[in-house]
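S.K.: build me a model:
(2 chains)
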Amino acid sequence: MAKTIEKMSAVKILTISKKLFFGGFCLLPFLWVYNILYIWPVRNRSDLNPKVRQYLLMSGIMAAVLFVIFAAWFGVFVNHRLQWGETGDLLTVVLVKGV
Amino acid sequence: MSSLDTRGATAPSDQTVSSPSNGLTAESTVGDSLQSRNDPGTQLSSRTINQNQGTQREGNNTSNTENNDDQPCQSCGAFPAKFQCSACQSVRYCSQECQAEDWGIHYRECAEILAAMKQEEEQGRQRSDEERQDVEGGNSGSRDRIRSRLPPSGGNVLGEEAENVRAVANQPRRRPREPRRRPQLTPEQRAAYEEAERIADMKFYMLQIYKIIKPVVVCICLSILWVKISMAGSDYRPTQSSYTVYRESPTSTPSQNFLGSLANAGIIIGQIVVVTIIIVILFKRGHIKVLIGFFMIVVAMLLGFMGYILILNLIQVLRIPLDYLTMSFALWNFAVTGLLSVFWKGPMWLQQVYLTIMSSLMAFSLTGLAEWTTWMLLALLVVWDLIAVLCPFGPLKILVESSRNQNQEVPALLYTVNAVWFMASPPNSVLDREANRVKELNETMGASFERDSNTSSSTVYSGGHSRAAGREGGASISSSHTSGPDPMFNIGSSRISRTSSTIALVPNTAAAPGDSNNFEMRERTRSGGSSTSPLIGLNDSAGNGAGSVPRQPPSARQRGDERDVGSRNQAQDEHEEDGDDDDDGGLKLGLGDFVFYSVLIARAAMFDWVTTMCCTVAVLTGMNATIFLLAIYQKALPALPISICFGMLFYFATRFALVPFLAAIGPSQVFI
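M.R.: Below is the predicted model:
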């Protein structure tokens, strides 16, 4: 749709924000980031439902949390995959040569 | 004819936008039209206004004068300022709120301008009165009939609106204005006008080139990057495509290679042809949802599966230890976000990024083809592209035409620079029916107007919100070029799958809804504008939904008329008559073209850097040449042939002449 976010009605923005926020719970933190990026230009519109800002805030927090979790997991994986032996190899997509 | 009704029907919405100046609207309507008759001095603007009348007469109103090029919103300075003060037409706004805000300031100048207009009107009145007499009568009957059919919204015309309607109702009487006007244009003026228009055309296309080059270059660079990274790994073997029947081996002879690669490429081209035809058939039958589903699957596969292959390559080469958990998580996010941004709503830049990445992924996956096969494929594609777009029965030509006839956009993934839309207008059966009814009424108007009235009436019925009346509507040519922050390029990525290859650089068959940008090209290119408005009308209904703020009315007719007045004698008429695919709006460059440009350059990148750079320059030059030709011919053109031919020429010239030459002079330190 060619309609940009600036031209949308406040109600519409609220629905979009809500959908994106709840969609994010299917392990989709990108949607939360997407939500923020999408709604950001109109976040200060006066007619906007205050709930939208709440959704944005929650999205940001959740996305950050999930990102931290995955970063932590990746760190653990990289450091411990050799110690895990079999399991570590099983988890690795492409076995890295020479390590 | 139906124009009146249009005006009547939309009067309420009209009023909403022009609310502050409502009392003045009616007056000014009369004033303008009269004024236009008698000041040949201000040729351009008066002509445009005249246009208005013509347009309204035929039903397709709209308007906007040309003199406010890229004027920003008076109140907030924002750019797509699509509404005008309906009274004085001198200022523009982006929304009703802005106009309301600004009214406190604007009303004074508005009154001044109107006073000036009135004076001119006085002078013009005598002359127009004569005119009116000869045309009196005739139209009123059917007008009333139509009006009685109007939805209730048209009925509650109150106060100023009623006046408004009345004012407009007068307009059809002035019908035979055109023949009379023409002599007023001296040849010099006409020539000057045409010249100005041509210059505007060229400037517009130049802008388009700038806009289109960026995504193409990004896509090409990404493809080069993928290839170079993959090649950095010592053990990189491009995965052979599964549907190649012939495998090149270093020992095979050129003739074996030739025939084998011909077979391989033939298979791929065959797939492309079949899928294209299926898409055309589906589209003609109106199975839009099937098409959308198909494209969604394609996009999902592309993002997910090709993304997976690319990641495998990258982590292998870069030796990143990656676990399945993280990878699937990332891919899942990547693909879903991409799907949403392309098919649903999303920030524009994200959509553009996704579409560019998608085409580069596609190009990367095609680097798996063997060398001979790649070149053969590209050569055959050039031929196919020519056939599909230029032949009378070429599938893409049919697609473009039927999208116009059916008032439907081709459901395709479109990379627009101003907006990515994936929108198929619903099969507006109701609208069509009503349009047909009105069409019957309008048959008295004569064959040439049938279509317009038909379409315009569909506009009317689409909820009475398409701004029927003259002035708030469309943007002027120049203003619409630049009015948005966005260019109007639609790089149609239709068929990202293989078919995509074939989509041509076609004029936009489907204007983005409510987007003034898309009108202007068609305005300029159409003469009679026989079929321009349907798209817009439907778009309007589809895009704005019921009762939202009326956006752009189809301004196409208007321009068309303008043309008629100004330069009827031109070849433009031919366009109208064969209804060929001249522009409907902005330009579309198939994402398929993206993909195959990138394939060519990725193949060059597998050789060496000199070749890569030469080919890049050649392909981009070819693309510019194509757009240039488009500016001249103003009809659908295939985008692949010139670019690919240039690219191949440069590839072989560089590979077999330039590179050995450089290799020879390099060691001996010859500086030229």
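
S.K.: and stretch B:222-233, what's buried?
M.R.: Judged by neighbour count using 16 or more other CB atoms under 10 Å in any protein chain shown, the buried positions of stretch B:222-233 are B:222-224, B:226-227, B:229-230. Backbone N, C-alpha and C define where each C-beta goes, glycine included.

S.K.: any chance you could map the helices in chain A?
M.R.: Counting by DSSP state H, chain A has helices at residues A:10-23, A:29-39, A:50-80, A:86-91.

S.K.: what distance do you get for residue B:284 to chain A?
M.R.: Relative to chain A, residue B:284 is positioned 24 Å away (CB to the nearest CB, to the nearest Å).

S.K.: helix or strand: which one has that residue?
M.R.: Using DSSP states H and E, residue B:284 maps to helix B:254-285.

S.K.: list the helices and strands that helix packs on?
M.R.: When contacts are defined as 3 or more CB pairs under 8 Å, 6 or more residues apart in numbering or on different chains; DSSP states H and E, helix B:254-285 sits against helix B:288-301, helix B:371-390, helix B:395-405.

S.K.: in the chain, which segments are predicted with low confidence?
M.R.: As the question left the chain open, I've gone with chain A. Within chain A, the stretches with pLDDT under 70 are A:1-3, A:98-99.

S.K.: oops, I was thinking of chain B
M.R.: Along chain B, segments meeting pLDDT under 70 span B:1-83, B:85-87, B:89, B:96-98, B:100-108, B:110, B:118-184, B:234-244, B:407-588, B:671-672.

S.K.: need the longest helix for it.
M.R.: helix B:187-232.

S.K.: right, is that helix up against chain A?
M.R.: No: using CB under 8 Å from any CB of the partner chain, helix B:187-232 never reaches chain A; the gap is at least 13.1 Å.

S.K.: residue B:277: neighbouring residues, count only.
M.R.: 15 (other CB atoms under 10 Å in any protein chain shown).

S.K.: for it, give me its contacts.
M.R.: Taking CB atoms under 8 Å, 6 or more residues apart in numbering or on different chains, we find residue B:277 in contact with residue B:395.

S.K.: wait, doesn't residue B:354 sit right on residue B:341?
M.R.: Yes: in this structure residue B:354 lies within contact range of residue B:341 using CB atoms under 8 Å: 5.5 Å.

S.K.: so what's the residue count around the residue lying closest to residue A:91 once chain neighbours are set aside?
M.R.: Leaving aside its sequence neighbours, residue A:91 sits nearest to residue B:323 (CB to CB, 6 or more residues apart in numbering or on different chains; 4.2 Å). Using other CB under 10 Å, residue B:323 has 19 neighbouring residues.

S.K.: hmm, residue B:323 is touching residue A:80, no?
M.R.: No: using CB under 8 Å, residue B:323 makes no contact with residue A:80, being 10.8 Å away.

S.K.: wait, what's in contact with residue A:52?
M.R.: By CB under 8 Å, 6+ apart, the contact set of residue A:52 is A:10, A:13-14, A:17, A:39, A:43.

S.K.: now those residues as a markdown table including neighbour count and distance to chain B?
M.R.: Converted to a markdown table, these look like this (neighbours: other CB atoms under 10 Å in any protein chain shown; distance: CB to the nearest CB, whole Å):
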| residue | neighbour count | distance to chain B |
| --- | --- | --- |
| A:10 | 13 | 12 |
| A:13 | 22 | 10 |
| A:14 | 18 | 13 |
| A:17 | 25 | 11 |
| A:39 | 24 | 9 |
| A:43 | 13 | 13 |
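
S.K.: got the CA positions of stretch A:43-50 in PDB?
M.R.: The C-alpha trace of stretch A:43-50 is given here as PDB (Å, rounded to 0.1, in the frame of the first residue of the first chain):
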ATOM      1  CA  ARG A  43       5.100   8.700  17.900                       C
ATOM      2  CA  ASN A  44       4.500  12.200  18.900                       C
ATOM      3  CA  ARG A  45       1.300  12.800  17.100                       C
ATOM      4  CA  SER A  46      -1.200  14.400  19.300                       C
ATOM      5  CA  ASP A  47      -4.100  12.300  18.400                       C
ATOM      6  CA  LEU A  48      -2.300   9.100  19.000                       C
ATOM      7  CA  ASN A  49      -3.600   6.700  21.500                       C
ATOM      8  CA  PRO A  50      -1.200   6.600  24.500                       C
END
